[in-house]
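Chemist: no FASTA, just this:
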């Protein structure tokens with residue numbers, strides 16, 4: 001049985017990871033903006049030096065000369081374009097005023113013009129940055145607030161009306177400073193922008209004074225941009241942690257949670273303060289960001305969870321204060337979409353109100369208790385298991401599976417976000433390289449790709465290749481790639497691990513395996529290499545099913561090219577070898593249990609009829625493109641994971657149970673693609 005504190009920690013770590021991923025995505029977006037700004041700045045600076053340089057240098061005397069003729073006209077045109085862009089994209093008014101003043105001036109130096117052009121790129125960069133951060137923080141707060149309410153309702157098993165969010169309330173929260181210096185993220189972005197503008201201007205001026213090569217100015221500006229980019233990343237992730245924490249604080253208050261507990265993400269990077277705060281609990285009245293609630297520092301990954309002295313405390317009693325005076329059941333398999341429809345949008349049709357006497361303490365809390373609650377419903381129904389019972393019990397198992405996988409899924413998403421930062425640049429390199437190759441093939445002219453000679457093209461190709469190799473060799477890329485591959489492997493799991501998880505989970509609610517049963521004699525003491533494979537598969541199924549299969553008569557295992565089950569001949573034929581043979585054994589035993597456990601066949605027919613209602617039979621070869629299927633092999637494809645699942649043997653047998661069992665044990669992520677079928681298969685394994 002899962003401890004209460006562990007349950008809350010697990011669920012709220014998932015919320016923190018989801019919002020952390022939103023922050024990471026915002027950082028990735030901002031990094032793209034920095035790359036574009038750098039490209040534009042380098043192009044402007046390079047063009048400026050090309051126009052005014054003498055021996056690859058621009059003296060201060062030359063730089064201070066006034067623009068005239070065509071140069072002045074081009075600059076005025078640029079400024080007018082900047083003003084139009086600013087009007088369309090709401091760039092800050094102070095800069096707009098400066099641009100209008102510059103547009104009206106008759107005399108302006110080359111250096112001043114370059115600085116204006118540089119600042120325009122910075123203004124565009126930081127305008128986009130502010131929009132990205134504002135949008136991300138709103139999403140993080142909104143999602144964090146409702147996800148928190150969802151987890152609390154689902155965790156205690158009851159839902160009740162609470163304060164929903166409107167735009168005015170969100171605006172107030174977003175613009176309110178949370179740090180002790182009294183500045184919000186908009187203030188910090190503006191401050192970072194002013195600092196970068198000053199640094200870029202200083203860099204350009206120093207380069208001219210020292211008579212340095214323009215590439216040195218470009219390299220120096222690139223470093224300044226990189227520092228600014230890192231500052232922006234820290235800002236986003238710190239703000240993300242703050243707004244995620246604020247969302248939980250506000251939601252806890254609206255739900256009348258009285259105490260909260262700190263939960264740190266414990267790994268090799270966990271700070272000392274987070275390690276010390278982990279597990280501490282406080283009253284809601286003691287909440288103080290940075291002191292008793294996260295974030296405690298930059299890049300903080302700590303979160304908060306509801307704290308109850310005993311099993312869930314008494315929030316169910318407080319829930320009676322809902323707007324309609326009712327409290328509703330929120331089963332463990334309730335999806336976020338279903339919950340949102342009821343408690344955010346107000347449509348509670350289909351929800352079951354809790355009787356007046358119901359309290360949170362009456363709610364099943366552990367997996368075993370939840371399944372027992374479904375079994376009690378079956379008993380109250382005269383022992384008849386209906387499809388609704390199968391789906392309810394199966395959804396509980398599916399929820400356990402999702403919870404087990406979700407932590408790794410979050411790690412996988414985080415690793416992918418890190419890798420995407422590099423992948424975006426790699427794609428840009430590929431796109432540019434294709435354009436350059438297009439010049440060689442006559443698809444583009446040098447002018448169309450912004451080059452003047454084939455020597456320039458060759459030099460750029462070399463630079464692109466060097467950068468491509470450099471990215472793949474950077475420790476950050478290598479680490480992110482390894483993290484992603486490792487997470488993918490752990491997310492998929494091994495066949496052995498998947499089988500073990502389902503066996504152990506089902507063992508909590510029913511007797512599993514073949515221990516004490518004479519399976520060897522049942523399999524005719526066969527000397528076939530497939531006998532131990534079939535024994536292994538039997539040992540993972542419900543024990544009463546195995547007994548019923550033994551009672552039905554003996555089976556003879558065989559090794560063949562394509563597996564099959566013959567009830568009349570008593571043959572279970574297995575193809576392949578090793579783990580693939582075990583998959584086949586799970587599949588073919590599914591057909592055996594269709595015969596040995598009559599309730600399975602009845603449930604399968606009802607499910608098949610519901611899913612394929614109104615569909616006509618089609619040849620499997622036409623549906624799949626595999627013409628090796630016999631003309632007699634027909635299917636109703638529905639939206640099954642594979643068309644073969646809809647195969648119909650004239651109403652006497654199907655492939656739903658066999659393929660469903662095979663995936664449930666050996667490839668559960670495949671089964672999870674069809675939640676309806678996943679819940680149904682898990683329900684059969686749990687209740688029948």
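Modeler: It's in. Only a predicted model underlies this, so the values are computations on that prediction, with no experimental measurement involved.

Chemist: can you find the helix or strand of the protein with the lowest average pLDDT?
Modeler: helix 315-318 (a mean of 36; mean pLDDT, DSSP states H and E).

Chemist: by contact count, what packs against the longest helix out of those in the chain?
Modeler: Of all the segments assigned as helix in the chain under DSSP state H, the longest by residue count is helix 387-440. Applying 3 or more Cβ pairs under 8 Å, 6 or more residues apart in numbering; DSSP states H and E, we find helix 387-440 packed against helix 4-52, helix 367-380, helix 454-473, helix 475-492, helix 495-507, helix 598-611, helix 675-687. (C-beta placed from N, C-alpha, C; glycine too.)

Chemist: pretty sure residue 514 sits in a helix.
Modeler: No - going by DSSP: H, G, I helix; E, B strand; the rest coil, the assignment for residue 514 is coil, not a helix.

Chemist: do a quick rundown of the helices in the stretch 101-250 of the chain.
Modeler: Using DSSP state H, counting those that start in this stretch, the helices of the stretch 101-250 of the chain run over 110-156, 167-175, 185-209, 214-254.

Chemist: what angle sits between the second one and helix 185-209?
Modeler: What separates the directions of helix 167-175 and helix 185-209 is an angle of 50 degrees, with axes from the mean of the first three to the mean of the last three Cα atoms, to 10 degrees.

Chemist: how far out from the middle of the chain is helix 167-175?
Modeler: Relative to the chain's own centre, helix 167-175 is displaced by 26 Å; criterion: Cα atoms, centre = their mean, to the nearest Å.

Chemist: got the domain boundaries for this protein?
Modeler: Listed domain ranges for the chain are 8-65+109-155+162-258, 392-492, 495-608+652-687 (source: automatic domain parsing).

Chemist: could I get those domains as a markdown table with mean neighbour count?
Modeler: As requested, the domains of the chain are exported to a markdown table (neighbours: other Cβ atoms under 10 Å):
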| stretch | mean neighbour count |
| --- | --- |
| domain 8-65+109-155+162-258 | 18 |
| domain 392-492 | 15 |
| domain 495-608+652-687 | 19 |
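
Chemist: possible to save those as TSV with distance to residue 384 and mean pLDDT?
Modeler: Listed next are those as TSV, based on distance: least, Cβ to Cβ, whole Å; pLDDT from 0 to 100:
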stretch	distance to residue 384	mean pLDDT
domain 8-65+109-155+162-258	28	79
domain 392-492	14	85
domain 495-608+652-687	10	92
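
Chemist: save these as a markdown table, and put in distance to residue 646 too.
Modeler: As requested, the domains of the chain are exported to a markdown table (distance: least, Cβ to Cβ, whole Å):
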| stretch | distance to residue 646 |
| --- | --- |
| domain 8-65+109-155+162-258 | 33 |
| domain 392-492 | 20 |
| domain 495-608+652-687 | 8 |
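
Chemist: look up how far residue 407 lies from the residue most central in space within the chain.
Modeler: Taking Cα atoms, centre = their mean, the centroid of the chain lies closest to residue 413, which sits 5.0 Å from it. According to Cβ to Cβ, to the nearest Å, residue 413 stands 11 Å off from residue 407.

Chemist: mutual contacts of those two, please.
Modeler: residue 17 (Cβ atoms under 8 Å, 6 or more residues apart in numbering).

Chemist: isn't residue 668 up against residue 498?
Modeler: Yes - contact status for residue 668 versus residue 498: in contact at 5.5 Å, counting by Cβ atoms under 8 Å.

Chemist: who touches both of the two?
Modeler: Common contact partners of residue 668 and residue 498 (Cβ under 8 Å, 6+ apart): none.

Chemist: and the domains of the chain: which comes nearest residue 379?
Modeler: In terms of Cβ to Cβ, the element of the domains of the chain nearest to residue 379 is domain 495-608+652-687, at 11.3 Å.

Chemist: now the closest one, how far from the centre of its chain.
Modeler: 33 Å.

Chemist: and what of stretch 144-161?
Modeler: Chain-centre distance of stretch 144-161: 20 Å, with Cα atoms, centre = their mean.

Chemist: kindly report the same for stretch 240-252.
Modeler: Centre-to-centre, stretch 240-252 and its host chain are 20 Å apart (Cα atoms, centre = their mean).

Chemist: other residues contacting it?
Modeler: Applying Cβ under 8 Å, 6+ apart, the contact partners of stretch 240-252 are 12, 15-16, 19-20, 22-23, 26, 136-137, 140-146, 148-149, 152, 162, 173-174, 178-179, 260, 284, 287, 289, 293-295, 299-304, 306.

Chemist: now swap in stretch 17-27 and tell me
Modeler: Residues contacting stretch 17-27 (Cβ under 8 Å, 6+ apart): 132-133, 135-136, 139-140, 143-144, 147, 232-233, 236-237, 239-241, 243-244, 301, 407, 410-411, 413-414, 417-418, 421.

Chemist: related to what we said a few turns ago, would you mind getting the angle between the longest helix of the chain and helix 4-52?
Modeler: Using the same axes, to 10 degrees: helix 387-440 against helix 4-52 is 20 degrees.

Chemist: quick one: helix 387-440 to helix 475-492, angle?
Modeler: Counting by the same axes, to 10 degrees, helix 387-440 lies at 150 degrees to helix 475-492.

Chemist: gap between the residue lying closest to residue 189 once chain neighbours are set aside and residue 432?
Modeler: The spatial neighbour of residue 189 that comes closest, neighbours along the chain excluded (Cβ to Cβ, 6 or more residues apart in numbering), is residue 130 at 5.0 Å. Going from residue 130 to residue 432 by Cβ to Cβ gives 29 Å.

Chemist: how about the closest residue to residue 340 other than its chain neighbours, what does it touch?
Modeler: Counting by Cβ to Cβ, 6+ apart, residue 340 lies nearest to residue 146, which is 6.6 Å off, once chain neighbours are set aside. The contact partners of residue 146, taken as Cβ under 8 Å, 6+ apart, are 165, 251, 340, 344.

Chemist: now do 10 Å
Modeler: Counting by Cβ atoms under 10 Å, 6 or more residues apart in numbering, residue 146 touches 164-165, 247, 251, 336, 339-340, 343-344.

Chemist: and the residues you listed, which is closest to residue 566?
Modeler: Of all these, the one sitting nearest residue 566 is residue 336; the distance, using Cβ to Cβ, is 46.0 Å.

Chemist: so residue 111 touches residue 205, yeah?
Modeler: Yes - look at residue 111 against residue 205 with Cβ atoms under 10 Å: they come within range, at 7.4 Å.

Chemist: next, give phi and psi for residue 335.
Modeler: Main-chain dihedrals, residue 335, degrees, to the nearest 10: phi -80, psi 160.
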